[in-house]
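Undergrad: how would this look folded up:
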Amino acid sequence: MTNTALDERPEGALSIRKATVADAEALSAFAARVFRETFAPDNDPMDMDAYLSEAFAPEKQAAEIADGSGVCLLAEVGETLAGYAFLRIEAADGRDPSVALPVELQRFYVDYAWHGRGVAPALMTACIDTARARGGVTMWLGVWERNPRAIRFYQKHGFVDIGAKEFRLGTDLQTDRVMSRSVALSR
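TA: Have a look, this model is predicted:
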């Protein structure tokens, strides 16, 4: 998809590509590790384990990658997986049924080692481009209300808060802020 050297990286250039089913095993391990590192300090270990075993199983990752209603993007620096995003095409958030072709940014994670190094902005740009290419008009996402760094990142990329929705982590019912932005090209 892209092959951009954002700066002089001894590790190699940043590239963003669409995942294949062959990536499912590595993606599963990466996604579970990054999710755990991001959220484990603020959650019960049993709830975390229950969620991770279901949400990031290799079989589930393979099925999501193979499903034509979604797009999984991998951000790699050289041979290293640095981040990933998963988009659901035509996935309404339920707030405004009149929105044509909504795209949900269901997952967006960058490994902590790559924070502040240009990976996240490049991956977001690829998400927006992918949503547009698939005919999307609006992109929306849910972000944990207790994740201010992510909220600021999304705001910086044009997302605005439009409400809340529930998110279940194991037995813990949490609140996500719902954020949305247009991905339509300006005329």
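
Undergrad: After the helix or strand of the chain with the lowest mean pLDDT, which helix or strand is next? Please name it.
TA: Ranking every helix and strand in the chain by mean pLDDT, DSSP states H and E puts strand 2-4 at the bottom, with a mean of 45. Once the chain leaves strand 2-4, the next helix or strand it forms, by DSSP states H and E, is strand 14-18.

Undergrad: Dump that following strand to PDB, restricted to CA.
TA: Once non-C-alpha atoms are left out, strand 14-18 reads as follows in PDB (Å, rounded to 0.1, in the frame of the first residue of the first chain):
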ATOM      1  CA  LEU A  14       7.700   2.100   7.000                       C
ATOM      2  CA  SER A  15       5.300   0.200   4.800                       C
ATOM      3  CA  ILE A  16       1.600  -0.300   5.200                       C
ATOM      4  CA  ARG A  17      -0.100  -3.300   3.600                       C
ATOM      5  CA  LYS A  18      -3.300  -5.200   3.600                       C
END
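
Undergrad: And the helix or strand that comes right after that strand, what does it pack against?
TA: Toward the C-terminal end, the helix or strand that comes next after strand 14-18 (DSSP H and E) is helix 24-39. If you count contacts as 3 or more CB pairs under 8 Å, 6 or more residues apart in numbering; DSSP states H and E, helix 24-39 packs onto helix 45-55, helix 58-66, strand 80-89, strand 102-110. Every residue, glycine included, has its C-beta placed from N, CA and C.
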